[in-house]
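> A predicted structure for the sequence below; I have some questions about it.
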Amino acid sequence: MVKKATRIIMGSYLPTNKELDAAEWCIKNKIYIIPVQVSYGVGLWYIEIEVNNKKTKSKDKFKPVEVWQKKYEYCSYYYDKYR
């Protein structure tokens, strides 16, 4: 019998208006910041950042909720740096 995979929840995080503006700015300027699961069934994520078709992945792994906070932190960083 095949065992059904356990559902992994990424948690919820309510970004501030400033964080949402930064995320929208990043997308419009082709800076993509996304969480990527470390491995199937594991509740940890990397943050992958794509700028000018070059992808980099964070060294650190993030837990649920923390991954969203870090995503918006990176969005704010790029927004402040390049805007």
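Thanks, I have the structure now.
> quick one, helices of this structure?
For the chain, the helices defined by DSSP state H cover 17-28, 66-82.
> return the most buried member of the ones you listed.
A comparison of the helices of the chain by mean neighbour count, using mean count of other C-beta atoms under 10 Å, puts helix 66-82 on top with a mean of 17. For glycine as for every other residue, the C-beta is placed from the backbone atoms N, C-alpha and C.
> what is that helix packed up against?
helix 17-28, strand 31-37, strand 45-51 (3 or more C-beta pairs under 8 Å, 6 or more residues apart in numbering; DSSP states H and E).
> want to try CSV for these, with distance to Tyr82 as columns?
Formatted as CSV, these follow (distance: least, C-beta to C-beta, whole Å):
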stretch, distance to Tyr82
helix 17-28, 9
strand 31-37, 8
strand 45-51, 9
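> okay if I get those as JSON lines plus mean pLDDT and distance to Gln69?
What follows is these, written out as JSON lines (pLDDT from 0 to 100; distance: least, C-beta to C-beta, whole Å):
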{"stretch": "helix 17-28", "mean pLDDT": "98", "distance to Gln69": "9"}
{"stretch": "strand 31-37", "mean pLDDT": "97", "distance to Gln69": "11"}
{"stretch": "strand 45-51", "mean pLDDT": "97", "distance to Gln69": "10"}
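> indicate which one of these is closest to Trp68.
Proximity to Trp68 (C-beta to C-beta) singles out strand 31-37 among these, at 7.5 Å.
> isn't Lys18 up against Ser76?
Yes. At 7.1 Å, Lys18 counts as touching Ser76 under the criterion of C-beta atoms under 8 Å.
> sorry, back to before: who wins for proximity to Thr6 among the helices of the chain?
Taking C-beta to C-beta as the criterion, helix 66-82 is the member of the helices of the chain that comes nearest to Thr6, at 17.6 Å.
> ok so, going back, looking at the helices of the chain, which is nearest to Tyr46?
Nearest to Tyr46 among the helices of the chain is helix 66-82 (8.6 Å), distances taken as C-beta to C-beta.
> got the contact list for the closest one?
10-13, 15, 18-19, 21-23, 25-26, 29, 31, 33-35, 45, 47, 49, 51, 58, 62 (C-beta atoms under 8 Å, 6 or more residues apart in numbering).
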